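In: The following comprises the amino acid sequence and a computationally predicted model.
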Amino acid sequence: MGRLGRAVRGAMVGLLALSAAACADIYRNHGYTPTDNELAQISVGRDTRDTVAEIVGRPASSALLQDGAWYYVQSRYRHGGIGAPREIDRQVVAISFDQAGTVANIERFGLEQGRAVVLSRRVTETNIRGVSVIGQLLGNLGNLRAEQLID
């Protein structure tokens, strides 16, 4: 085999390696949720909006109708090949406040099979506020399929 044959074979191996690398999944994170260590620094019934903002920062979204609850949302997407990006994980941390602006509840929600699932909850009273808003945020997004979007 001559030089030309080796060059062609080398080019084909290089092209094959490049095409295999192009199919590798890429993961991207969007948004921010405080870690459990950061949330442990917040005391239910004692901390206020200002102290929460100092500890974990202000959220990108807050509910106006639910006593000013703060929602921190983080999603992880997998981009692979020619298909559309697919959300593989979503977490929502909800910090709700009472009328005086004191922390009343801290909850962490996850997404499992298109349904909102409570992962952890710290509350001082039995009335859990803001669940319906979380359900609306997380409920339908996981149920969409490519076939539904095309129709």
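Out: Sure thing, it's come through.

In: so residue 29 touches residue 79, yeah?
Out: No - Residue 29 lies out of contact with residue 79 (CB atoms under 8 Å); the separation is 11.9 Å. C-beta: built from backbone N, CA, C; applies to glycine.

In: Between those two, which is the more surrounded one?
Out: The neighbour comparison of residue 29 against residue 79 (other CB atoms under 10 Å) goes to residue 79, with 13 against 10.

In: What are the buried residues along the top strand by length along the chain?
Out: Selection of the longest strand in the chain by residue count, based on DSSP state E, yields strand 86-97. Within strand 86-97, the residues that count as buried by 16 or more other CB atoms under 10 Å are 90, 91, 92, 93, 94, 95, 96, 97.

In: Sketch out the helices for this structure, chain order is fine.
Out: All helices of the chain, identified by DSSP state H, fall at 3-22, 36-40, 49-56, 131-139, 146-150.

In: Contacts for the longest one, please.
Out: Translated: helix 3-22. With CB atoms under 8 Å, 6 or more residues apart in numbering as the contact definition, helix 3-22 has no outside contacts at all.

In: I am finished for the moment; much appreciated.
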